[in-house]
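1. Sequence and predicted structure are below.
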Amino acid sequence: MIFRPIYSKIQEMQAKNLSLPSRARSCAHKGEPLCAGEEYVSYLDTENKEMVREDFCISCWKEVEEQKKGVFWRGRIAEKKQTKCTPDEKALAYCQSLIKDEPTTDHEKILFVLALYLERRGGLTRCRHAKGVADLLIYEIPDTGETYSVKSTFLTPQEGEKIIARLNETIS
Ligand SMILES: [Zn+2]
């Protein structure tokens, strides 16, 4: 795997006082969580005016590498005490991958339950007093400042139970 030098691009950005978008917590290709200790490839689409960053696990990068023409680099996520993702980290990564997907009613419902769970666990902070966004809840990841909107959705108790059972499987 050959990585292009990015120094000139970064110098150019520093000169313009631009900062790099922060690394995502899940793979841009398939949505798996990017965990502590894992290697990843970050790709910057420098063709756009808005700089778009995508992060990939190594195996997905191999699938998409040929189509990517911008700047990229490889890194390894710092080890934490535990090498496995905690359920809360998995929940947050899953939440982020759902946000990126095409919105479907199913996804909106799962996302709503996930956001409420993460809010209670401190993984997301709800922004208060949002105006002009009737049924949207605005959430922020406290560590990174990444901000998302989540649709407030009606659920029957049966739907709620189903979603919770599915989430337990996904994040445990
Ligand atoms: Zn992947």
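-> That came through fine.
2. could you show me where the strands are in the chain, in order?
-> Secondary structure of the chain, counting by DSSP state E: strands at 39-45, 52-57, 71-76, 125-127, 136-140, 147-151.
3. and of those, who's closest to the ion?
-> Between the ion and the strands of the chain, the shortest separation by C-beta to the ion is 3.6 Å, and it involves strand 52-57. C-beta: built from backbone N, CA, C; applies to glycine.
4. TSV please, covering the strands of the chain and showing mean pLDDT and mean neighbour count.
-> Shown next, in TSV, are the strands of the chain (pLDDT from 0 to 100; neighbours: other C-beta atoms under 10 Å):
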stretch	mean pLDDT	mean neighbour count
strand 39-45	86	19
strand 52-57	90	20
strand 71-76	83	15
strand 125-127	83	14
strand 136-140	82	17
strand 147-151	81	17
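5. would you turn the ones you listed into CSV with distance to residue 159?
-> As requested, the strands of the chain are arranged in CSV below (distance: least, C-beta to C-beta, whole Å):
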stretch, distance to residue 159
strand 39-45, 35
strand 52-57, 32
strand 71-76, 40
strand 125-127, 22
strand 136-140, 18
strand 147-151, 15
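6. could those strands be laid out in a markdown table, adding distance to the ion?
-> Conversion of these to a markdown table gives the following (distance: least, C-beta to the ion, whole Å):
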| stretch | distance to the ion |
| --- | --- |
| strand 39-45 | 9 |
| strand 52-57 | 4 |
| strand 71-76 | 14 |
| strand 125-127 | 27 |
| strand 136-140 | 24 |
| strand 147-151 | 20 |
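7. Ignoring the adjacent residues along the chain, who's closest to residue 144?
-> Closest residue to residue 144 in three dimensions, ignoring its sequence neighbours and counting by C-beta to C-beta, 6 or more residues apart in numbering: residue 22, at 5.1 Å.
8. Any figure for the gap between the closest residue to residue 33 other than its chain neighbours and residue 35?
-> Leaving out its chain neighbours, the residue that sits closest to residue 33 by C-beta to C-beta, 6+ apart is residue 93, at 3.3 Å. Distance from residue 93 to residue 35, counting by C-beta to C-beta, to the nearest Å: 8 Å.
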